[in-house]
Each structure stands twice: as C-alpha cells, then as structure tokens.
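Peer 1: Have a look; sequence and predicted model below, questions after that.
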Number of protein chains: 4
Amino acid sequence: MKAVLVNCTLKGSPEPSNSATLAGVVTDELRGLGVSVQEFRLADLTLDHGVETQMSDADEWPRVHDAIVDAAMLVVTTPTWVGRPSSYAQQMLERLDAMIAETRGDGEPITWGKVAGVVVTGNEDGAHHVISEISGGLVDIGFTIPGQAWTYWNRGPGPGPDYSQTSAGHEWSAETGRTMARRLHAVAQALAPLREPA
Amino acid sequence: MKAVLVNCTLKGSPEPSNSATLAGVVTDELRGLGVSVQEFRLADLTLDHGVETQMSDADEWPRVHDAIVDAAMLVVTTPTWVGRPSSYAQQMLERLDAMIAETRGDGEPITWGKVAGVVVTGNEDGAHHVISEISGGLVDIGFTIPGQAWTYWNRGPGPGPDYSQTSAGHEWSAETGRTMARRLHAVAQALAPLREPA
Amino acid sequence: MKAVLVNCTLKGSPEPSNSATLAGVVTDELRGLGVSVQEFRLADLTLDHGVETQMSDADEWPRVHDAIVDAAMLVVTTPTWVGRPSSYAQQMLERLDAMIAETRGDGEPITWGKVAGVVVTGNEDGAHHVISEISGGLVDIGFTIPGQAWTYWNRGPGPGPDYSQTSAGHEWSAETGRTMARRLHAVAQALAPLREPA
Amino acid sequence: MKAVLVNCTLKGSPEPSNSATLAGVVTDELRGLGVSVQEFRLADLTLDHGVETQMSDADEWPRVHDAIVDAAMLVVTTPTWVGRPSSYAQQMLERLDAMIAETRGDGEPITWGKVAGVVVTGNEDGAHHVISEISGGLVDIGFTIPGQAWTYWNRGPGPGPDYSQTSAGHEWSAETGRTMARRLHAVAQALAPLREPA
C-alpha cells in the first residue's frame, strides 16, 4: 500500500520541522508494516491559491494531487499557530476541495475508501482542535478517518518549548503515533475493496 | 448489523424534532440495507452529568452505552444552537469519554471498528462546524468516520425557517442523507473483522 | 460595577472544581478593583433545557439571567471535556440565546456594552478552542470580548494531571488571569456609557 | 478614526471578490461615520509565510502591519472554503502573531484598545464558525471584539449560489453589516483612552 505525507510546516527546507519529526514516528511504523510513503513539504513547492486541481502552469499541486489519488492513505502534519492549523494546511484543504467533484467510473468519489490521519505539534495548546478541523475537512472531501488516527505534542500551559527543545512527553506522543499508524493501516486494508471501482 | 441513533434535540417527546425528521431519511435507508436501528432521545431519559458510564442508580445512560457497545454504527442527530452542537450532544460525548478506557480481550478499545455519522438541522448556519465537532470527538473516543457520513439542513443567511416550515432544500439533504447511510453501511461491513477481538 | 461568574463544571457542590479554583484568581483581582462578583454553579441549579428565559416554574435559569442583566461583566469558567466546552457551558449559551431578542428602550440589545471572558482548565489540550467557542457564542449574543480576556491551564501532551494535582504552570495561568481581570475591568469601565439606554 | 480592511479572498485583482462586495456595506457605513478605511487584498501582495513581522526584503506584510498599528479598527473579510477561513485569513493570523510580543511604552500590547470584526461570504454553510475562528484568534492577539461585530451571507443547504449570483438574503446581510459598523465605531470611540499609552 502507498501513503502520502503532506507536511504543512511554515518553514522551507532545510530548516528542521518539529511536526515532521513527530510524523517520522508514524511513517516509520507504516514502513515497518510494508507501506511506502511519499513525502511533500508544501513550503518547498510552488503552490497556487485556489480551489481547482491545476491553477497555472507553474503550479506544483498536481504532483501532490496525483500522489494522493494513487495512494490509500493520507497523513497530514502541521504546526499549531494561534491555536489553529497552519495556512498551508488550509491551502491543502482548498486544493483538495476540487476532489469532491472527481468521480470514478462507478460514480463514487475518487477519495472513496482512502483513509487519513493528522499529526500536530505546537509550542502551545490547540492540537485537538487542529486535528478536528483537518479531519472534519477531509471527511467533507471524502476521506475516512479511522478511530484515534492522530497524535500530537505540546507542553503547556501558555507558550512553552518546541518539540525539539525538550524530551518531556515525547514517549506518549510516539506511542500514540505508532497506534495511529496501526489504525490507519488496519482500516486501509479493510477498505481495499471500496477503493476498486465496481 | 445494528445501529444506534442518538437524538440530541432539546425537546422531549412528544414534541416533534426537526433533526429526527431528517435523520429518518438515514435510518430508513439503513433499514432498507438490512440494518436494525435502535433510537434514543436523550431529552426523554434521566441522564446524569459526568464522565463515567454509570453516575447514579437513576442514571439511564447505561442503556444507551450498552446499545452502542452492541452495535456496529452510531448515528448522532442534533440541532444547531448558537452555531454549536446541542448541550445534549456534548453530554453524550462526555458520557462516551469513559469508553476510551474500556478495552476488549485483545487490548483494543471497545469502539474499534465501529463507525459513526452526524445529522444536523438548524434555523441558521453552523452545520459543518457541528459535524466537525461531533465527528472529531467521536474519533478521539475511537469511532471511525466514513467519508461524507453526514447530512444537514439550514436555510440562511440569518435566522430562517425550521426544517419543518419549508420544503426548500429538503431534496438535497435527503439525497445526501441516503448517501451517508450507504457510506456508513459499506464501511461498517468492511470493518466487521476489526470488531471481533483477535 | 457588578460581575457574574458562571461555573460550568460537571460536578455539584461540595465537590471541588478545578476551573473554579483558577477562576478565583480572576474574581479576587476583580474584587480588588472594586467589582462585586456573584457566583452561580450550574450543576447546583434546577436548569431546564431550551432557548427561552423561563422554561418551567421550577427552572432556576431566570435567577442567572437577571443577575447577568444587572451586571457589567460575565466570567464563564468551564472544564475541557473531549476537547470541548462542558455540556453546562453549551446549555448556558442556549439559555442566553433568548437575550438576542431582548432589547432596551432605545432598541439596542440588552447585552450592549457588557463584557465577557473565559477561564478554562482541563486534564488535556483544548483550552484555546474552548475559549474561542464560548467567546464566539457570546459575541453572537451581544457581549464584547476584551483582548486577552481569558486564562487557562492544562499540562500535556495527552491526559495529564488535574489542576489541583500539581503546581506546574500555575503561576503563568494566575498571571494571565490577573491580566484578564484588568482587561475586563478597563473595557467594562470604558463601555459604561453604552450600557445606558440613550 | 482609521480602519484597516484585510480582504482574504483567494482571488487576485481584478477578479471580483464576493466577500469584498459585502464588506463594502460595512466600510461605506464606517466612512459615513467619519472613519477613513485603508484596504489590503492579501492575494495582491508578496506575502511570506512565518510568524515574524518581516520575513524577507520582498515581504509586503510590514505595510499591512504598520497600517494596523496606526488604526483603531480592523475588519477582516474572508470567503468560506471547506467550512473554514481561507488560507490567507490564517496567514494573516500567523503574521499578526508577532504583535503579541510588541508592547507600548507602558507595557500594554500594541493592540490594546483596538477593535475588530469579521465579514464572511461563502457558497455553503460555515460562516459562524469562520467568524468564531478569526475572532478567537484576534482576541488571543489582543483585539477587542464588540458584540455582534460581524455579518455574513450564504444560502444553503449544500453548495449554493455565490453572493453575486442572487439577491436572496442580501438585505439581511447588509442590515447586519451596517449594525456591525455602528458597533465597531461605538466601541472604538469608547476605547480611545485605552489606545493612548499611560
């Protein structure tokens, strides 16, 4: 099976991304289960604004789109800013919006039977809301969200350290992330027949 | 297969419930697919506040809890008040919170492999947020949310008619509700092996 | 000036309430500024469900309603359950909904010129979302939310201790709470002319 | 008094913006009250991602930042995409995040005494949530949100027309927008002393 990781950090390569570090626990576990994972860091791409799959010749979203169409799983990882998903995470939802109208030969949406989960880091409270916002948007677009297909890290109250600045709480986030990977994998396997047009 | 419908209207029986009327489209479709549906209207029950499964001798939540444990699907229907899920919907999430700690013989949560969806009516804007809030909470607790497992109705902008006061838009909400039922049913069927402890 | 504190803990008296403990920092600071504070714990009242000011003869909401009408400030304190405001907090918003239609002699809403803020505790992430949800609802109903009129406490990631079980982070929450009280007081004073019907 | 309008449409000039059209009702009313309004359309600017006021030499955010620092009022207008504020609206919150650390001579935040409101259009349900998300973020950053300082338009259920494609409901949105302008103006006037460092 194939998975796509979309990293919505505000920082371009080669700056380290806290959310990518935590997401690595999830992708490592997925790879151990035999899943191949393709990663995109949106800050490194030329990404137009809009709600169509291709907005201009320079627009690199179609590469992300095609990888998602080809995969069984989507993992989104984002920082928390002002308690909310990053602007790149919302831009991803806007670009995915076009998928609602894309259907297969049997009339089902192109996302039917695909699963998704969310990984969040932040220097402050907000992760559960970020997970709900992104999961809610992905359900609208047609992805299935397996139970407990998320993990997160922050250390409050108030503005605290970044994930990379402490090891406090890392084990909980990692164990929750490994569980997330197993949940995504089990549901993606069970839904394989739904991903085949009738 | 079995489904449980939890109706979170503020109104007790026999007052008509707009959200129950729209949810009827979903339960009719489920019954046509061979699913038996048990309905609970929280306003008609003696329902304690808290985060345990049984809070007092008089507390009737255990009946709802046991029906959910016994079912493959949960359908939640709620009105929109001040743009948010009803207080009964939040009370349901609080009571379901105890399920996070309930595990099966194989260590998986008791909710593993169960699916859920949300039906919303309102006299104003807010449905997508209500769906995200309840779906997000149910994912935390362990339910799987199939893609597009929701329907809603409202007619804005601003305070508008109740669902029962007009027929405008009913056909879209009903068609979306029938799709929701088919999505719930297909994913619940595919996940049947996950509901059996290893 | 007068303030009303509405405590939305799920626990009835005399059980200790974590959110009430943190809210005490805010009310102490308000009292030091000469504000009289009347407190209601919703779990101790007979509180009907609905969106009218008085739902039955036994309904005790009218006492809360009348105190809010008589005050310049509303402080709401709530725990975080499943990442969201408590069911009592939502029930409060539903009951306040009736105030939208209550107007003064000059046609302005009865809430015009009143200020509000939110205090949140939890054993897990979710506070900023709880603050946004309640503040957003109160803005709909007509309250003015001063900048940074909130404080919170939780200690993640994952399920952590209750506020009363540790002192970690208490000083940040207390200092933020004292700032909240000063913000509420300054804006409430400045808006005094708006609270007088023209 | 001065106001800044930040338009978060995904569309660059000269494409018409539905949210700008509805926001025009608000800015017209503000101008009638003697307020000068400066408008920025984020899609027309070179806007870096990040949480600092100036991210690069080419970055045009500092122009928006300086105008907001110089104004008493901020009006944000955004479309609804996938039920949420646009990616530009979130990018605005991320850039405003740096203001939390900017203080005046008397130690108060640079946003102290400034007011803000939100105008939303969409082709589907979601406006109240968009208003809460943006208002909640702005309260975090230090803006004061006057009661009912918002207006919106959408026409559901389900995907419906754009604002410009019908006149249904426009009068409610316009009247609500004029009220919003008067609320912003009255509170901004009352808070003038708070905007002067002690």
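Peer 2: Thanks, I have the structure now. Residues are numbered from 1 along each chain as shown, chains lettered A, B, ... in the order given.
Peer 1: I'd like the distance between residue A:94 and chain B.
Peer 2: Distance, residue A:94 to chain B, using CB to the nearest CB, to the nearest Å: 15 Å. Quick note: C-beta positions are derived from backbone N, CA and C, even for glycine.
Peer 1: so residue A:185 sits right up against residue A:30, yeah?
Peer 2: Yes - at 6.5 Å, residue A:185 counts as touching residue A:30 under the criterion of CB atoms under 8 Å.
Peer 1: the more surrounded of the two?
Peer 2: The neighbour count for residue A:185 versus residue A:30, taken as other CB atoms under 10 Å in any protein chain shown, is higher for residue A:30 (25 against 22).
Peer 1: per-residue pLDDT, that one?
Peer 2: According to the prediction, residue A:30 has pLDDT 98.
Peer 1: Okay, and it sits in which element?
Peer 2: helix A:18-32 (DSSP states H and E).
Peer 1: Likewise for residue A:116?
Peer 2: Assigned by DSSP H and E, residue A:116 falls in strand A:115-121.
Peer 1: can you list residues touching both of residue A:185 and residue A:30?
Peer 2: Residues touching both residue A:185 and residue A:30 by CB atoms under 8 Å, 6 or more residues apart in numbering or on different chains: residue A:73.
Peer 1: Contacts only, for the residue nearest the centre of chain A.
Peer 2: The centroid of chain A falls nearest to residue A:76 when counting by CA atoms, centre = their mean (1.1 Å). Counting by CB under 8 Å, 6+ apart, residue A:76 touches A:5-6, A:8, A:89, A:92, A:116-119, A:134, A:138.
Peer 1: and the helix holding residue A:30, C-alpha only, in PDB?
Peer 2: Provided in PDB are the C-alpha atoms of helix A:18-32 (Å, rounded to 0.1, in the frame of the first residue of the first chain):
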ATOM      1  CA  ASN A  18       9.000  19.800  14.600                       C
ATOM      2  CA  SER A  19       5.900  18.300  13.100                       C
ATOM      3  CA  ALA A  20       7.900  16.300  10.600                       C
ATOM      4  CA  THR A  21      10.000  14.900  13.400                       C
ATOM      5  CA  LEU A  22       6.900  13.500  15.200                       C
ATOM      6  CA  ALA A  23       5.400  12.400  11.900                       C
ATOM      7  CA  GLY A  24       8.500  10.400  11.400                       C
ATOM      8  CA  VAL A  25       7.400   8.000  14.100                       C
ATOM      9  CA  VAL A  26       4.200   7.400  12.200                       C
ATOM     10  CA  THR A  27       5.900   6.900   8.800                       C
ATOM     11  CA  ASP A  28       8.500   4.600  10.300                       C
ATOM     12  CA  GLU A  29       5.700   2.400  11.800                       C
ATOM     13  CA  LEU A  30       3.900   2.500   8.400                       C
ATOM     14  CA  ARG A  31       7.100   1.500   6.500                       C
ATOM     15  CA  GLY A  32       7.500  -1.400   9.000                       C
END
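Peer 1: which ones are touching residue A:79?
Peer 2: A:8-10, A:17-19, A:86, A:120-122.
Peer 1: From chain B, how far off is residue A:10?
Peer 2: 23 Å.
Peer 1: for the residue lying closest to that residue once chain neighbours are set aside, what are its contacts?
Peer 2: Spatial nearest neighbour of residue A:10, excluding adjacent residues (CB to CB, 6 or more residues apart in numbering or on different chains): residue D:49 at 4.5 Å. Taking CB under 8 Å, 6+ apart, we find residue D:49 in contact with A:10, A:43, A:87-88, D:55, D:91, D:94.
Peer 1: So is the lengthiest helix in chain A next to chain B?
Peer 2: The helix spanning the most residues in chain A, taking DSSP state H as the definition, is helix A:170-190. Yes - residues of helix A:170-190 contacting chain B under CB under 8 Å from any CB of the partner chain: A:186-187, A:190.
Peer 1: what about the closest residue to residue A:91 other than its chain neighbours, how many residues close to it?
Peer 2: Leaving aside its sequence neighbours, residue A:91 sits nearest to residue D:87 (CB to CB, 6+ apart; 3.9 Å). Per other CB under 10 Å, the neighbour tally for residue D:87 reads 27.
Peer 1: Wait, residue D:87 touches residue A:84, no?
Peer 2: No - using CB under 8 Å as the test, residue D:87 is too far from residue A:84 to be in contact (11.2 Å).
Peer 1: Strands along chain A, start to end?
Peer 2: Shown for chain A, the strands assigned by DSSP state E span residues A:2-7, A:36-41, A:73-81, A:84-85, A:115-121, A:150-153.
Peer 1: In CSV, list the contacts of residue A:76 along with neighbour count, distance to chain C and pLDDT.
Peer 2: Shown next, in CSV, are the contacts of residue A:76 (neighbours: other CB atoms under 10 Å in any protein chain shown; distance: CB to the nearest CB, whole Å; pLDDT from 0 to 100):
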residue, neighbour count, distance to chain C, pLDDT
A:5, 23, 20, 98
A:6, 23, 22, 98
A:8, 29, 18, 98
A:89, 30, 16, 98
A:92, 28, 20, 98
A:116, 30, 19, 98
A:117, 30, 16, 98
A:118, 29, 13, 98
A:119, 33, 12, 98
A:134, 31, 13, 98
A:138, 26, 17, 98
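Peer 1: For chain B, tell me which of those show up nearby.
Peer 2: Answer for these near chain B (CB under 8 Å from any CB): residue A:138.
Peer 1: Closest one of the contacts of residue A:76 to chain B?
Peer 2: Distance to chain B, by CB to the nearest CB, is smallest for residue A:138 among those, at 8.0 Å.
Peer 1: right, quick check: stretch A:118-129 against chain D, any contact?
Peer 2: No - contact of stretch A:118-129 with chain D is not found when judged by CB under 8 Å from any CB; the minimum separation is 9.3 Å.
Peer 1: Can you mark which positions in that stretch are buried?
Peer 2: Neighbour-count burial for stretch A:118-129 flags A:118-129 (criterion: 16 or more other CB atoms under 10 Å in any protein chain shown).
Peer 1: what residues does chain A put near chain D?
Peer 2: A:10-11, A:43, A:49-51, A:81-88, A:90-91, A:93-94, A:96-97, A:133, A:136-137, A:140-141.
Peer 1: Where helices are concerned, which of those residues count?
Peer 2: A:87-88, A:90-91, A:93-94, A:96, A:133, A:136-137, A:140-141.
Peer 1: What is the burial count for residue A:100?
Peer 2: Residue A:100, neighbours per other CB under 10 Å, totals 17.
Peer 1: So for the nearest residue to it once chain neighbours are set aside, what's the pLDDT?
Peer 2: Excluding the flanking residues, the one nearest residue A:100 by CB to CB, 6+ apart is residue A:141, at 5.8 Å. We have a pLDDT of 97 for residue A:141.
Peer 1: Next, count neighbours for residue A:141.
Peer 2: Using other CB under 10 Å: residue A:141 sits among 21 other residues.
Peer 1: Show me what counts as buried in stretch A:152-162.
Peer 2: Buried residues in stretch A:152-162 (16+ other CB under 10 Å): A:152-158, A:160, A:162.
Peer 1: List just the nearest of those to chain D.
Peer 2: Using CB to the nearest CB, the buried residues of stretch A:152-162 come closest to chain D at residue A:158, 11.4 Å.
Peer 1: In contact with that closest one: list those residues for me.
Peer 2: A:124, C:169, C:172-173, C:176.
Peer 1: picking that back up, tell me which two in the buried residues of stretch A:152-162 are the farthest apart.
Peer 2: A:152 and A:158 (17.0 Å; CB to CB).
Peer 1: Please write out the alpha-carbon positions of stretch A:42-54 in CSV.
Peer 2: Taking C-alpha atoms only, stretch A:42-54 is exported to CSV below (Å, rounded to 0.1, in the frame of the first residue of the first chain):
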residue,chain,number,x,y,z
LEU,A,42,4.3,22.3,0.9
ALA,A,43,6.6,25.2,1.8
ASP,A,44,9.1,23.8,-0.7
LEU,A,45,6.6,23.8,-3.6
THR,A,46,5.3,26.5,-5.9
LEU,A,47,1.7,26.3,-4.7
ASP,A,48,-1.1,28.4,-6.2
HIS,A,49,-4.1,29.6,-4.2
GLY,A,50,-7.5,28.4,-5.4
VAL,A,51,-10.0,25.5,-5.5
GLU,A,52,-9.0,23.8,-8.8
THR,A,53,-6.5,21.0,-9.2
GLN,A,54,-4.3,23.0,-11.6
